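Asks: Structure, please.
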Amino acid sequence: MVFHSLSFFIFIFLVTLCLIGFRKHNQSIMLIASIAWYGSFGAEGLLITLFCVFIGFWLYNKLIYIDSQKDRKTLLLLFLLFVVFIFILFRVKYLSVPAGLSFLFFQLTAILIDQYRRPQKDPITYKDWYLFLYYFPQLMAGPIERRGNLLPQLKRGFSLNWENLSTSVLLFSWGFFKKVAVAGVSYRVAMAVSNTTSPGAAVLFFGSFLMAASVYADFSGYIDIGRGVSLFFGIRLTKSFKPFIFASSPADFWRRWHITLGTWFRDYIIKSMLKPNSFVYRRIIAILISFLLMGLWHGVAWNWFLFGLFNGITVILDLFYKRKKLPTIVTILGMTLFIATSGYLHLSGYFPNGIFDPIMSVQWTTDGLLELISYVFVPFLIFFIVEVWIEKRPNGLEDVPKFLAFILSIFFILSAFVSVDVEVQPFLYFNF
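Replies: Got it, this is the predicted structure:
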């Protein structure tokens, strides 16, 4: 029951009716709906995560009453080892990964580490705990919420927010357009490039850039759909993407790309390896390890190891060794190359004959480039214009006048349906 399916629209309609008819039980309705939604992807995954979440619930409340710092640390480390074991079991053994497993684990470990570092003495109820971790608009892809933002909203309950209806619909429709039109078209072209035996250099470069754009549109589009749905139910989720094409450096790129995922690695991986006044070399090692882990999170393969290594090194060079501001044209060319290289390392997982085979057999021509550009021109023109507009607005799409919001929503939905001849790919991070 993915966000861009007809069954999901029916599901939202039924949840809305239940919230209208049983307002006093809105939290119970949302909890049942969220677990049922997650269960629609497989009973086995639901049972596995329910067990892990229950263990986490026990540990969270246990940390309230244990005063010994040593015992608290031991319990937390045992649970984190358990989570790592479950994740490695699925990733390395190539078992069928439960949908959204890692994002659920990210949020679960975040709230437990926060409780360890800054304990709150108020126990959490079963209902609030399971809602916090299974709330369906953000479960599958994020944003990875912290207890300080999401938990108080969930405790207040759910109510249909007609005041924010225009913003909800606009976020939903913009996410739908990105997912169906932009991600669908660019993914199809990138796959065609990956299956080309000896692509031209320009085609390979363009296909690699399109792969990065496809991942961005797929990821951010899915999250924007969830944010729109959640806002309609009265819950405001954290913004997790900013237009990546305006990044001024590799570090700035990662401040825009899945912001809540980046801050999770910063707060729970990098900071855990640092001490106050740590030497520069220790900070460099922490950042590099964090990016290597992020790469291997995608998959245990050489292309993902190189993906993490490349991004880690470029971010380190940017943060610690950039001495002066570069000319605008150099920045644009450099970031275009950076994005295309990241896209290539992502795309290389689909190459039939190895990571570097297309580079080794590349032909230095521009043959076929104009055909690819013409294929993606219309959706990317719309995408670029709107991204420019969003970049210039402090609150993005969240304070657009109601009438304009509905006009734009209709335009995005109709533009997405123009692309129905393009096969809509499943969410790329569905089994992460």
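Asks: how close does residue 48 sit to residue 34?
Replies: Going from residue 48 to residue 34 by Cβ to Cβ, to the nearest Å gives 16 Å. From N, CA and C alone the C-beta is placed, and that goes for glycine too.
Asks: Between those two, point out the one with more neighbours.
Replies: Neighbours were counted for residue 48 and for residue 34 using other Cβ atoms under 10 Å; residue 34 has more, 20 against 16.
Asks: which is the next helix or strand following the strand or helix carrying that one?
Replies: Take DSSP states H and E as the rule and residue 34 turns out to sit in helix 26-39. The helix or strand immediately downstream of helix 26-39 is helix 43-65, counting by DSSP H and E.
Asks: Distance from that next one to the middle of the chain?
Replies: Here helix 43-65 is found 23 Å from its chain centre; the criterion is Cα atoms, centre = their mean, to the nearest Å.
Asks: Can you name the residues in contact with it?
Replies: With contacts defined as Cβ atoms under 8 Å, 6 or more residues apart in numbering, helix 43-65 is touched by 35, 38-39, 72, 75-76, 79, 82-83, 86, 96-99, 101, 104-105, 108, 111-112, 115-116, 119-124, 126, 129-130, 133-134.
Asks: on contacts alone, who are the packing partners of the following helix or strand past that helix?
Replies: Once the chain leaves helix 43-65, the next helix or strand it forms, by DSSP H and E, is helix 69-92. Contacts defined by 3 or more Cβ pairs under 8 Å, 6 or more residues apart in numbering; DSSP states H and E place helix 69-92 against helix 43-65, helix 101-117.
Asks: Can you give me the domain boundaries for the protein?
Replies: Domain ranges of the chain: 6-156, 165-417, per automatic domain parsing.
Asks: what mean pLDDT would you report for the shortest one?
Replies: Confidence over domain 6-156 (mean pLDDT, whole number) is 85.
Asks: Residue 384 contacts residue 243, doesn't it?
Replies: No. Taking contacts as Cβ atoms under 8 Å, residue 384 lies outside contact range of residue 243: 9.2 Å.
Asks: Those two - which one has more neighbours?
Replies: residue 243 (19 against 13).
Asks: Now do the contacts for the residue lying closest to the more buried one once chain neighbours are set aside.
Replies: In space, not counting the residues next to it along the chain, residue 243 is nearest to residue 387; the distance is 4.2 Å by Cβ to Cβ, 6 or more residues apart in numbering. Contacts for residue 387 (Cβ under 8 Å, 6+ apart) come out as 243, 245, 246.
Asks: Which pLDDT value goes with the first one?
Replies: Residue 243 is assigned a pLDDT of 90 by the prediction.
Asks: what do you get for the last one?
Replies: Confidence at residue 246, expressed as pLDDT, is 89.
Asks: What backbone torsions are found at it?
Replies: Main-chain dihedrals, residue 246, degrees, to the nearest 10: phi -100, psi 10.
Asks: Let the chain start at 48 from now.
Replies: With 48 as the first residue, the last one maps to residue 293.
Asks: Tally up the residues packed near the residue nearest to it when sequence neighbours are not counted, please.
Replies: Of all residues beyond its chain neighbours, the one nearest residue 293 is residue 438 (5.2 Å), with distances taken as Cβ to Cβ, 6+ apart. Using other Cβ under 10 Å, residue 438 has 13 neighbouring residues.
Asks: how near is residue 438 to residue 299?
Replies: For residue 438, the distance to residue 299 - Cβ to Cβ - is 12 Å.
Asks: follow-up on the earlier one: please give the element, helix or strand, for the residue nearest to residue 293.
Replies: helix 416-439.
Asks: thinking again about what came up before, shared neighbours, residue 431 and residue 290?
Replies: By Cβ under 8 Å, 6+ apart, no residue touches both residue 431 and residue 290.
Asks: about what we covered before: and the helices and strands packed on helix 116-139 as JSON lines, adding distance to residue 71?
Replies: Listed next are the helices and strands packed on helix 116-139 as JSON lines, based on distance: least, Cβ to Cβ, whole Å:
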{"stretch": "helix 90-112", "distance to residue 71": "24"}
{"stretch": "helix 148-164", "distance to residue 71": "27"}
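Asks: Which of the ones you listed has the highest mean neighbour count?
Replies: Of all the helices and strands packed on helix 116-139, helix 148-164 has the most neighbours on average by mean count of other Cβ atoms under 10 Å, namely a mean of 20.
Asks: Show me the contact partners of that one.
Replies: Contacts of helix 148-164 (Cβ under 8 Å, 6+ apart): 92, 95-96, 99-100, 103, 106-107, 110-111, 119-120, 123, 126-127, 130, 133-134, 137, 179-181, 186-189, 191-194, 308, 311, 314-315, 344, 478-479.
Asks: Quick check: next helix or strand after the helix holding residue 438?
Replies: Per DSSP H and E, the first helix or strand lying C-terminal to helix 416-439 is helix 449-464.
Asks: What helices and strands are in contact with that next one?
Replies: By 3+ Cβ pairs under 8 Å, 6+ apart, helix 449-464 packs against helix 212-224.
Asks: just how off-centre is the helix it packs on within its chain?
Replies: Helix 212-224 sits 17 Å away from the centroid of its parent chain (Cα atoms, centre = their mean).
Asks: Run the angle between that helix and helix 416-439 for me.
Replies: Angle, helix 212-224 to helix 416-439, by axes from the mean of the first three to the mean of the last three Cα atoms, to 10 degrees: 160 degrees.
Asks: For helix 212-224, the averaged confidence score.
Replies: On average, helix 212-224 scores 92.
Asks: Next SSE downstream of it?
Replies: helix 231-241.
Asks: from the chain's centre, how far out does that next one sit?
Replies: The answer for helix 231-241 is 20 Å, by Cα atoms, centre = their mean.
Asks: tell me what it is packed against?
Replies: Using 3+ Cβ pairs under 8 Å, 6+ apart, helix 231-241 is in contact with helix 248-279, helix 375-394, helix 416-439.
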